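[1] with the input below, show me the fold.
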Amino acid sequence: MFIDTHVHLNADQYEEDLQEVIDRALEAKVERMVVIGFDRKTIERTMQLIEQYDFVYGVIGWHPVDAIDCTQQDLEWIEELASHPKIVGIGETGLDYYWDKSPKDVQQELFRKQIQLAQKINLPIIIHNRDATGDVVQILREENAASVGGVMHCFSGSVETARECIGMNFMISLGGPVTFKNARLPKEVATEIALEHLMIETDAPYLAPHPHRGKRNEPAFVPLVAEEIARLKGLTIEEIAQATTANAKKFFGIDN
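    Numbers count the residues shown, from 1 in each chain. Sure, this is the predicted structure:
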């Protein structure tokens with residue numbers, strides 16, 4: 001059994017065939033999925049999905065790219081919704097310096113506020129980091145994010161950065177990029193970081209693993225991520241499935 005720990009089943013890309021996508025995931029033994037809501041529309045959809053499917057759990061927060069759109073009222077709304085027993089984290093939050101829609105200072109302020117919110121309600125934080133590793137790690141330290149821990153989603157940093165994050169009670173989650181031929185850093189992380197600190201995800205509909213790269217991703221492809229980690233570690237895919245599923249269940253407090 002696999003758990004896709006980061007998937008956007010709430011995305012418009014699945015509007016036409018969501019049930020088929022879910023059916024294919026279940027056939028591929030992806031028996032739990034954690035859906036991420038990161039703005040008003042996708043948060044509302046996340047809340048619907050966790051009610052509709054007993055094997056779907058939710059994480060809600062505000063994406064750094066859209067930080068400029070987030071109001072105090074939105075944060076209060078997220079806090080209120082997060083009391084639902086199937087909401088298992090806050091996010092994805094963090095910093096994204098690749099896109100410039102939201103100024104860095106606005107992103108950083110919202111990042112801090114969401115860490116503080118997670119601490120207030122005692123939920124882990126799911127981190128989005130693009131081209132901002134130094135500032136992400138610094139803010140996690142300054143805000144004592146270790147008190148709730150979290151997930152470094154679709155981790156693309158170095159082994160050293162991974163170890164630093166693990167030291168702050170963060171799990172390292174690997175997705176489709178670990179399967180890309182030229183992805184040196186994710187492959188090094190998959191090889192060097194102990195299995196007890198790893199989780200797997202798709203980030204679907206984005207970042208489809210090889211051989212589907214460039215196409216729409218879906219949760220049924222998460223075994224391809226496990227397969228590559230197994231190859232890199234010299235383990236079986238069953239061992240990767242078992243360990244990463246146990247890690248995700250324990251981390252998110254997901255039932256058996």
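
[2] for residue 244, what are its contacts?
    By C-beta atoms under 8 Å, 6 or more residues apart in numbering, residue 244 lies in contact with 2-3, 195, 198-200, 226. C-beta here means a position set from N, CA and C on the backbone, and glycine is covered the same way.

[3] what are the ranges of the helices in the stretch 101-250 of the chain?
    Secondary structure of the stretch 101-250 of the chain (DSSP state H, counting those that start in this stretch): helices located at 104-121, 133-142, 159-166, 184-192, 222-233, 237-252.

[4] in JSON lines: those helices, plus distance to residue 47 and mean pLDDT.
    Formatted as JSON lines, these follow (distance: least, C-beta to C-beta, whole Å; pLDDT from 0 to 100):
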{"stretch": "helix 104-121", "distance to residue 47": "16", "mean pLDDT": "98"}
{"stretch": "helix 133-142", "distance to residue 47": "27", "mean pLDDT": "98"}
{"stretch": "helix 159-166", "distance to residue 47": "29", "mean pLDDT": "98"}
{"stretch": "helix 184-192", "distance to residue 47": "32", "mean pLDDT": "98"}
{"stretch": "helix 222-233", "distance to residue 47": "23", "mean pLDDT": "98"}
{"stretch": "helix 237-252", "distance to residue 47": "17", "mean pLDDT": "97"}
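
[5] so can I have CSV of these showing distance to residue 90?
    Shown next, in CSV, are the helices of the stretch 101-250 of the chain (distance: least, C-beta to C-beta, whole Å):
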stretch, distance to residue 90
helix 104-121, 4
helix 133-142, 13
helix 159-166, 17
helix 184-192, 24
helix 222-233, 22
helix 237-252, 12
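
[6] figure out which of those is closest to residue 206.
    Among the helices of the stretch 101-250 of the chain, helix 222-233 comes nearest to residue 206, with 13.3 Å by C-beta to C-beta.

[7] and the angle from that closest one to helix 237-252?
    For helix 222-233 against helix 237-252, the angle by axes from the mean of the first three to the mean of the last three C-alpha atoms, to 10 degrees is 110 degrees.

[8] only the C-alpha atoms, please, for helix 222-233, written as CSV.
    Provided in CSV are the C-alpha atoms of helix 222-233 (Å, rounded to 0.1, in the frame of the first residue of the first chain):
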residue,chain,number,x,y,z
VAL,A,222,3.3,7.4,-6.8
PRO,A,223,4.6,3.8,-7.1
LEU,A,224,7.0,5.0,-9.8
VAL,A,225,8.6,7.3,-7.2
ALA,A,226,8.8,4.4,-4.7
GLU,A,227,10.4,2.3,-7.4
GLU,A,228,13.2,4.7,-8.1
ILE,A,229,13.9,5.2,-4.4
ALA,A,230,14.0,1.4,-4.1
ARG,A,231,16.5,1.2,-7.0
LEU,A,232,18.7,3.9,-5.4
LYS,A,233,18.7,2.3,-2.0
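
[9] who are the neighbours in contact with the spatially closest residue to residue 191 that is not a sequence neighbour?
    Using C-beta to C-beta, 6 or more residues apart in numbering and skipping the chain neighbours, the partner closest in space to residue 191 is residue 232 (4.8 Å). By C-beta under 8 Å, 6+ apart, residue 232 lies in contact with 178, 187, 190-191.

[10] run the last query once more with 6 Å
    Counting by C-beta atoms under 6 Å, 6 or more residues apart in numbering, residue 232 makes contact with 187, 190-191.
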